Each structure stands twice: as structure tokens, then as C-alpha cells.
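Engineer: Please work out how this folds:
(2 chains)
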2 protein chains.
Amino acid sequence: MEKLVVIGGVAAGLSAASVAKRLKRSNIDVMVFEKSGYISYGACSEPYFVSGLVPRPEDLVEISAQEFEEKRLVHIYKMHEVIEIDYKGGYVTAIDLSNNKKFTQPFDYLMIATGAKAKALGVPGETLEGICTLRTVEDAIDVKNSVSSGREVVICGGGYIGLEMAEAFVSLDLNVTILKKTPQMLLNFDPEISALVEEEVRSKGVKIETGIDVLAFEGEGKVEKVVTNKGEVKADAVLIAKGATPNVDIARQIGIKIGSTGAIAVDEHQRTNIDRVYAGGDCAEAYHIVLGKPAYIPLGTTANKTGRIAGENIGGLDTKFGGIVGTAVSKIFDLEVARTGLSLREATKNGFDAYATNISHRSRSKHYPGGCPITVQFIAERHTKRLLGAQMIGKEGVAHRIDVIAAALHAGMSADDIYGLDLAYAPPFAPVWDPILVAANKARKG
Amino acid sequence: MEKLVVIGGVAAGLSAASVAKRLKRSNIDVMVFEKSGYISYGACSEPYFVSGLVPRPEDLVEISAQEFEEKRLVHIYKMHEVIEIDYKGGYVTAIDLSNNKKFTQPFDYLMIATGAKAKALGVPGETLEGICTLRTVEDAIDVKNSVSSGREVVICGGGYIGLEMAEAFVSLDLNVTILKKTPQMLLNFDPEISALVEEEVRSKGVKIETGIDVLAFEGEGKVEKVVTNKGEVKADAVLIAKGATPNVDIARQIGIKIGSTGAIAVDEHQRTNIDRVYAGGDCAEAYHIVLGKPAYIPLGTTANKTGRIAGENIGGLDTKFGGIVGTAVSKIFDLEVARTGLSLREATKNGFDAYATNISHRSRSKHYPGGCPITVQFIAERHTKRLLGAQMIGKEGVAHRIDVIAAALHAGMSADDIYGLDLAYAPPFAPVWDPILVAANKARKG
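Structural biologist: Below is the predicted model of the structure:
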């Protein structure tokens, strides 16, 4: 019987495990090692657990370990960290974190789905109680506990997670301060769109301080203040939300190739450079269709897909991952903020002769009550008018409109092509010229 | 100076008029003749005028005749019907309906944008007061007046307009009965999706009677009852909503080719078979990209686009209309109901070896409160798995998701291609496997 060892029990790991098992059935034995105490959790829902919209930690879990084992017929080892891979010997060494016992597990196939870890600031006092990051369910519980007493919360970082958590904290009636190095929130967005986000976040009572270098955290055991280049900020709790880096230490051990993005390099079958070793999810790169090369954009959707592709190939099929275009959406207070493809900055940096055009148009017919303005930026290639990316922001109608542009990027459409799309119209949902078409019309004129 | 006469002052006519004028400026004089008392109205908003959401008839108008004349520098003749075209003589004869005076207007270019008219039942008593159809603003005012006294309203027809009007009437606290010949509502939808619509409509207190032949309307001057093959139905007002047929009488006069759909045949420049005579909007066919041939699907979006293309070509440009895929959405009580491309019935009728697959999946992450099931049907071609169409229904998240499929149809994507789309994910807006991807996965195995 073949043996598949999967390192990591969230989206990519579990997808690979269940698909490989389903395909090879009694010819394969699948063991999943998950370092944390939870498998199959939805990290993107953690802000809503902190706010209370999602009541219990278990509600963050898609499927429990027990149910997964019973239904998918794979073995789940929670609280087990794989600390060493002996590739030639064909086994991994895992440690049971509940009792610190080590044991070895042979494998024929290996799936690396070690995910990503939160970036640290690397400043003194960072391990004080009350200083949190947010990746695992345990992290979310820690955040929730940390803000349960005291009212002053500091968030270091102004990306999706920082802003979604600002909303969660405000809903708990906490005083929230965001400390940022750069003047702009959501750095991979256009400054104009970021400014609209910042305006929204400030309007909800969140303080935003820019140009801040965090120098240290101080307190007696528990954090009490943040020391910065511009003075001290009182803090009963701190969330460090500076982004994520791929967990590639164990992969490096056996010489798995790391791409220029810093994540594991894989081919379209999710194979690494080492035979019978696959990778996917937040520890791996993915081919970016618009860029025409690998990129590192760790998202749950990609993790599920690349895990499934890995599982199919381990399972004997010959399937390929078609790649990503970098689509993402976030609810930030009352705003929907979305992007797909490249920003103007990314396009230019990658050698495209690109330009950007902005429009604002109604989300619904002007005849129909309600609705709001939607701002749409298109980024296109100068000589071909091929769309390279888009960004959108508004109080409604953004989250799925961005997917129309994502489909257009997959198809390599030009602004003219998008202008010609036959989109749905009814007054409660869109104006007769949808914001997408208005944006395309502006972009095609360059 | 060249002269352009435009027959019809709504979406297609006004788009053609303003674009041609903008391009040729002082070299062209543009005259628009509109039979009704309003130009530039949004017929799709009329149900919301009847319900009161849109307060005044003027609110249905995008731009007034006076403002249009001032801004776009074209002449608008409201309440003017063009009753004859002398093509060889190069003039039209119009009648001013306010005083029944006739006059002639020379032209070099002619734009036929005569729209469509509501189908009549052709039964005795159909001209009684209180029996309405719904196309123009005057129609909408008439409907609103007709239901202002009495409580029993009968709708003949179960298409978009009939159902949207049922919602409007229910909001006015009227008793609504829908009489239908066929057992299914929304005939161009799949029976399973139609059944969900019917359930919703009935749950709002609307009576639906099927297998009904309307034989006559009776009343003293004003309608009082509908006589059917299954007995009489009391009616203080009646809306006949059996669909629309293109207004092609004036086009036939000068030998303009009518396509097999019954609407005016045009090429991709919106040219008819007669030199310097263009057509667009609800009186004309449009090339259907999935069918690969012209279709008659009268919608405001297509009218705006084809009008613009006609105007560009009259204005000296060489632009082409890329065609339609038949995308439409309707709000029916609390449901969003949408389709694009072909239904299974349409696909089969047109010679495709087609199959349909249905799925139901959540509109949001299961971790996030709210949300609803969305039912998605994909219609695909057997041997290529190319998508031919899709239908969707749910209480949220349908109206723009259908546009993703519309883009996929424009690009000729297969179910596999759609399954590979990098769509946006955040718990408030979608599950990590979006209903579109779940539907694609089922269809690709289909």
C-alpha cells in the first residue's frame, strides 16, 4: 500500500489528502499532520469570530477531524508538527505537541501544505502577553481573550487583516489605533482607492497614524504601551498584521526549490523539483496568468484549488492548475473593496507599458432607490488595450462585479472586449450602462 | 448639411442621435421623432413607478427633451409619429399627434428605432377601460390609475414584466391573480428554477391559475371580469403581459428586410439592407454569440449599445456590434432570477447536443451569518463541455454572478475553464468554492 504524508491540515493539505484517497482508495494510506489544534478552519472568518458574529471557535471549522477521518478515510494527527523529513529514508519525523513524543512515519508521496506565518516586527517586547498575530484558530482565540479586558487596541499594519480586525474591534466598542509606516493603507491598491478606504475607517472612529516606526513594546508581563519614533501609544492589546511569509523551513531541509518570491516553486501539477513531493496553498507560489510567471498571493481559494490539483496528480490523474489572476475582496466596515490582476504599480514594475483610468458610476439605476457610487479603476496595456487589472470600491455591488473582470483577465480580454460584454440589467441591481462597461469605455479610449 | 432622421426617442434612437451628432457636429442635422410624450425613459423602472418606489413619471426619464436638445444639439419631436417613409424622395412624413398636423422631413440617413409593442390577446373586450399593457410611460401612468380604485388585479402572463408587476401590485395591497396558459412561469427558464419563482410568488399571496385561456373581458365601459375557459375572474384592473413584438410596420413600407425572428435584420454595423438606413434596439435582431445567428431578445442594454453603434457608423466611424449572449436579471419579490446564453430547451432546439446540470450552494461562507442558497444551472455542449448558458436564482448574490458567466460565454469558455476561474472570496460575499465554481465542477463532469 502506498503512503501519502501531508504536512498541514487546512485548505491545501486536506484537499490533497481527500482527493488522493478518493482516487486511489484502498491502494493508498493518507496521514495528515497538523501542528495546531484545529484542522479545516476558515482563517478568513476569524475577524467575525473576534467580533462575535461567528459564535464559537468550532464554527470556524469546516469539518472536524473526526468527521474528516470517518468520511474521507484519512488519518488526522492534530497537534503534530513534522520536524524532519528524511527523503532518502522515505519517512518524516513528527512530534506530538501534546506530550512531546517523537515518532516516524514512512511515505511514498509527500504533500507540503505548511501554509504561511504572520510576519513579526522583530522589536523588543514582542512576546509580551496581549501582543497577537492572526493565522490559526488559536491566534483568534488569543486575540479575543486579549481584547476582553482593557479598551485600547493597537493594530500594526493597514492591510486586509488589519482593517477587517479594526472593524471587529470597533464592533466590540474598543478604541482602535492603526500604526503604519507608509502613508497609504492597502498598499497593493491605487492611492485613490486606498484614500476612500481610509476615509471610511476614520469615519468609524479608528485613529490612523502614519509614518510610524514601532521601536518596542513595553509592559509588566502584559503589553501596556507601544513605543514609536513619534512617541508612545497606550495599548491593552496589540495585533501585528504586517502580512504573511510562507513556511518553507521544512521544505528547504530536503532541497526543495524555493522560487524568487520566497515560496515553494511548483509546476502546473503542483510538483516540486523533488520526485513525489508536491506542494500547494500558502507555502507555494502559483502561476500568475497576467504576469506570465509565478507570484506569491496566499489566499484560501488558491489553497483549495492547488491542494485539489496536487491530490489529483498524487491520485494518478494528469491535471493542471490553470493559474491565478490575483482576485481578492474584503469587507471593510461598510465598504466592499476588491481587486484582480495587477495594480498600475505592479504592472509598471513588471515591465508593462501600462496606464490606469478611473471612473465612478452608480451601483443601481438612478431610477431605483438606494444604491451608491462604485469607483472602478482599470489598468491596461498601452499598445494592445489588453486589461491587466482592476480595482473597485463601493458600498454594494463590488464583490461579484470584480469576478467579471477576473473572468476577462483569464480570457485575455481587451478594454474593447469588456466594453462589448452583454451584462445583466435591472434597476435594483445595475444601471443600464453597468460601472464595468463605463470603466471599459474609458479604458479603451486610453 | 446632412440630415439624420431618427424614428424613436428612447434608448437606441437617442444613442444613435447623440453619437452621430457628436461625431459629425455642424455637418449633420439630427431630428428625433418620438410617438409618445416622453423620451429617454427607463421602461424597466416602470414597475417601481407603479409601486411608488419611483415617485413621479418624470423620474422614469433619464434626460428631458429640452435638456437633450440643449446638450446634444439634436431636435426632438415628441408626440410625433412617422407614418410614411418616401425613400426615393428622401423624406419622411410625420404627424404631430397633439394637433394631427402632417409635415415632411427630408433625410440623408435614417435610423429606425421604433421599439416593440406589447402583444395583445386578441379577445373581445380588450379595449375596455382598466385593461393595460406596459411599455411607455403613458402605459405606466395608465396602470397606476387603473389600480387606484378597486382591489382585484388580474395579470395575463407570467414573464418578467408580469411577475415584477405582481410584486408592485402586492406592495400596493392589491389582490393579484396571474392567469397563464402554460403550467410554467418564465418559460425561457428551466422548470426547476421556474418552480422556485412560482413558490416565492405564491408565498406573497399571489394567486396563480394555469391552463387558462382568456376568452373575453367584460364590463360596463370599465373591465369588471375576465372570462376564461375555467370560469370568470373578478377584475378591477387587468395587465396584459404576454411579451413584445417588434414594431416593423414602417420598416416594411420601404422593403427593409425582416429576419426570421420577425425583427429587422441588421449587419454588425447596424445597417439594414437599404443604403443609409440603420436600425437598432427593440425593433431589430441582434447577433447571438452562442447561437451563432441573429436572435430577438429586446432589452434596454442592447438598445443602448446598438443605438450607439448605429450612431458611430452614421457618424463616419467603422465600428461593429459584437453581439449578445442573452443576459437578463429580474427581481421577483425577494428573489434575484437571472439567465445568460441558452436554456437547455433553446440549445436542443438549435441543434446542440446539450446537457444541463444543477447545483445549490451558499451565497456566503457558512461561517458568516445571513446568506441563502443559490441554485445554478449550467447548460453545456456534450462533446466539448463548452458552456452554452446558465440560469441562477437566489435571494442575494445572483445579479452580478450571472455576469461572470456572461463574460465566460463571450470568451467561449468550457466548464473546465470556468472551474479554473480565480474568483474573489471573503466570508460576507461568497464561500471559498463559489457557487459558480461548484456549478462548473458539476458541469465538467456532466
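
Engineer: use CA for all of it now, contacts and neighbours both
Structural biologist: Will do.

Engineer: Give me the residues contacting the helix or strand where residue A:138 lies.
Structural biologist: Per DSSP states H and E: residue A:138 is located in helix A:137-146. The contact list for helix A:137-146 (C-alpha atoms under 8 Å, 6 or more residues apart in numbering or on different chains) reads A:36-38, A:41, A:43, A:46-47, A:49-50, A:57, A:60, A:130-134, A:236-237, A:239.

Engineer: so which of the residues you listed are also by chain B?
Structural biologist: Subset of the contacts of helix A:137-146 in contact with chain B: residue A:60, counting by C-alpha under 8 Å from any C-alpha of the partner chain.

Engineer: Residue A:154 and residue A:174 touch, don't they?
Structural biologist: No: judged on C-alpha atoms under 8 Å, residue A:154 makes no contact with residue A:174 at a distance of 10.0 Å.

Engineer: in the stretch 151-300 of chain A, which spans are strands?
Structural biologist: A:152-156, A:175-179, A:207-209, A:214-218, A:225-228, A:231-234, A:237-240, A:244-246, A:277-279, A:286-288, A:293-295 (DSSP state E, counting those that start in this stretch).

Engineer: Pick the most buried one from these.
Structural biologist: Comparing these on average neighbours per residue, with mean count of other C-alpha atoms under 10 Å in any protein chain shown, the densest one is strand A:277-279 at a mean of 30.

Engineer: Quick one: distance of it to the chain centre.
Structural biologist: 20 Å (C-alpha atoms, centre = their mean, to the nearest Å).

Engineer: can you pull the contacts of residue A:45?
Structural biologist: With contact set as C-alpha under 8 Å, 6+ apart, residue A:45 has these partners: A:54, A:60, B:367-368, B:426-427.

Engineer: What of residue A:79?
Structural biologist: By C-alpha under 8 Å, 6+ apart, the residues touching residue A:79 are A:33-37, A:96-98.

Engineer: Tell me where the stretch 101-250 of chain A has helices.
Structural biologist: Secondary structure of the stretch 101-250 of chain A by DSSP state H, counting those that start in this stretch: the helices cover A:137-146, A:160-171, A:191-203, A:249-253.

Engineer: Go through those helices and pick out the most buried.
Structural biologist: Between the helices of the stretch 101-250 of chain A, helix A:160-171 has the highest mean count of neighbours, a mean of 24, where neighbours are mean count of other C-alpha under 10 Å.

Engineer: does any part of that one sit near chain B?
Structural biologist: No: using C-alpha under 8 Å from any C-alpha, we find that helix A:160-171 stays clear of chain B, coming within 10.6 Å at best.

Engineer: And that helix, what does it pack against?
Structural biologist: Of the remaining helices and strands, those touching helix A:160-171 by 3 or more C-alpha pairs under 8 Å, 6 or more residues apart in numbering or on different chains; DSSP states H and E are helix A:46-51, strand A:152-156, strand A:175-179, strand A:328-332.

Engineer: and the gap between residue A:437 and chain B?
Structural biologist: Summarising the geometry, the distance separating residue A:437 from chain B, computed by C-alpha to the nearest C-alpha, to the nearest Å, is 11 Å.

Engineer: Any buried residues in the helix or strand harbouring that residue, and which?
Structural biologist: Counting by DSSP H and E, the element that carries residue A:437 is helix A:435-445. By neighbour count with 16 or more other C-alpha atoms under 10 Å in any protein chain shown, helix A:435-445 contains the buried residues A:435-444.

Engineer: Show me what the helix or strand that contains residue A:30 is in contact with.
Structural biologist: Per DSSP H and E, residue A:30 falls inside strand A:28-34. For strand A:28-34, contacts defined as C-alpha under 8 Å, 6+ apart pick out A:1-10, A:13-14, A:17, A:20-21, A:74-82.

Engineer: what's the average pLDDT for the helix holding residue A:138?
Structural biologist: Throughout helix A:137-146, pLDDT has a mean value of 98.

Engineer: Equivalent analysis for stretch A:25-44, please.
Structural biologist: Across stretch A:25-44, pLDDT averages out at 97.

Engineer: End to end on that stretch, go ahead and measure it.
Structural biologist: Across its full length, stretch A:25-44 reaches 32 Å end to end, with C-alpha to C-alpha, to the nearest Å as the criterion.

Engineer: Go through it and flag the buried ones.
Structural biologist: Residues of stretch A:25-44 classed as buried by neighbour count (16+ other C-alpha under 10 Å): A:28-44.

Engineer: of the helices and strands packed on helix A:160-171, which approaches residue B:400 most closely?
Structural biologist: With C-alpha to C-alpha as the criterion, residue B:400 lies closest to strand A:328-332 of these, at 14.5 Å.

Engineer: In the stretch 151-300 of chain A, which residue sits nearest chain B?
Structural biologist: Per C-alpha to the nearest C-alpha, residue A:300 is where the stretch 151-300 of chain A lies closest to chain B, at 6.8 Å.

Engineer: from the stretch 251-400 of chain A, which residue is nearest to chain B?
Structural biologist: Distances from the stretch 251-400 of chain A to chain B, computed as C-alpha to the nearest C-alpha, single out residue A:328 as the nearest residue at 4.7 Å.

Engineer: so what's that residue closest to, chain neighbours aside?
Structural biologist: The spatially closest residue to residue A:328, leaving aside those adjacent along the chain, is residue B:424, at 4.7 Å (C-alpha to C-alpha, 6 or more residues apart in numbering or on different chains).

Engineer: if I pick the residue nearest the centre of chain A, what's in contact with it?
Structural biologist: Against the mean C-alpha coordinate of chain A, by C-alpha atoms, centre = their mean, the closest residue is residue A:299 at 3.4 Å. Listed by C-alpha under 8 Å, 6+ apart, the contact partners of residue A:299 are A:281-282.

Engineer: one more time with 7 Å, if that's ok
Structural biologist: Contact analysis of residue A:299 by C-alpha atoms under 7 Å, 6 or more residues apart in numbering or on different chains lists residue A:282.

Engineer: What are the phi and psi values at it?
Structural biologist: phi -140, psi 150 (degrees, to the nearest 10).

Engineer: dump the residue contacts of residue A:394.
Structural biologist: Contact criterion C-alpha under 7 Å, 6+ apart gives A:335-337, A:372-375 as the residues in contact with residue A:394.

Engineer: Excluding sequence neighbours, find me the nearest residue to it.
Structural biologist: Nearest in space to residue A:394, with sequence neighbours left out and distances taken as C-alpha to C-alpha, 6+ apart, is residue A:374 at 4.5 Å.

Engineer: Kindly state the beta-bridge partners for residue A:209.
Structural biologist: Taking DSSP bridges as the rule, residue A:209 bridges to residue A:179.

Engineer: strands paired with the helix or strand containing the residue nearest to residue A:394, and their directions?
Structural biologist: Under the criterion DSSP H and E, the helix or strand holding residue A:374 is strand A:373-381. When sheet partners are counted by DSSP bridges, strand A:373-381 sits next to strand A:354-362 (antiparallel), strand A:387-394 (antiparallel).
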